[in-house]
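Asker: from the sequence below, what's the structure:
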Amino acid sequence: MRDISEYYSFDEINKMARDDVILAGSLVRFEIIKILMIIPKKVLGYILENCLFVILPSGQKGVFINNKVIDKKNVIVFEESIDQEPMESKSQIVIHEIAHHVLNHEPIFETQNQEDILKN
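Answerer: Reported below is the predicted structural model:
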């Protein structure tokens, strides 16, 4: 049985995850917060301070994010279609991407060589 005092509530995360932490429509934002509720406080605080979650609306080909919003944060991007995934799949996707940050992985754009990028 998990000790609920070690986890933030939905309302606590919603207050901490201001618009400069989760850029998304209200429904997807709601679901991302529900997933974040399974992460212990000591880890989630670190994630919310250092990551920016961006959900691209369907059909959007690009997005501009002002450097004042990023403020030296790692950016985690999801397509809006993540909303159509079953909750278990959604949770796995979100937690997987968060793990890249926690494990200090290099972004794919920095680790792939230029030829591989141009081929794709």
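Asker: please, where are all the strands along the chain?
Answerer: For the chain, strands defined by DSSP state E occupy the ranges 22-23, 51-56, 74-79.
Asker: reformat those strands as CSV; add mean neighbour count and mean pLDDT.
Answerer: For glycine as for every other residue, the C-beta is placed from the backbone atoms N, C-alpha and C. Formatted as CSV, the strands of the chain follow (neighbours: other Cβ atoms under 10 Å; pLDDT from 0 to 100):
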stretch, mean neighbour count, mean pLDDT
strand 22-23, 20, 77
strand 51-56, 20, 85
strand 74-79, 16, 86
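Asker: export those to TSV and tack on distance to Lys34?
Answerer: Below are the strands of the chain laid out as TSV (distance: least, Cβ to Cβ, whole Å):
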stretch	distance to Lys34
strand 22-23	12
strand 51-56	13
strand 74-79	14
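Asker: and those strands: which comes nearest Ser9?
Answerer: Nearest of these to Ser9, taken as Cβ to Cβ: strand 22-23 at 16.0 Å.
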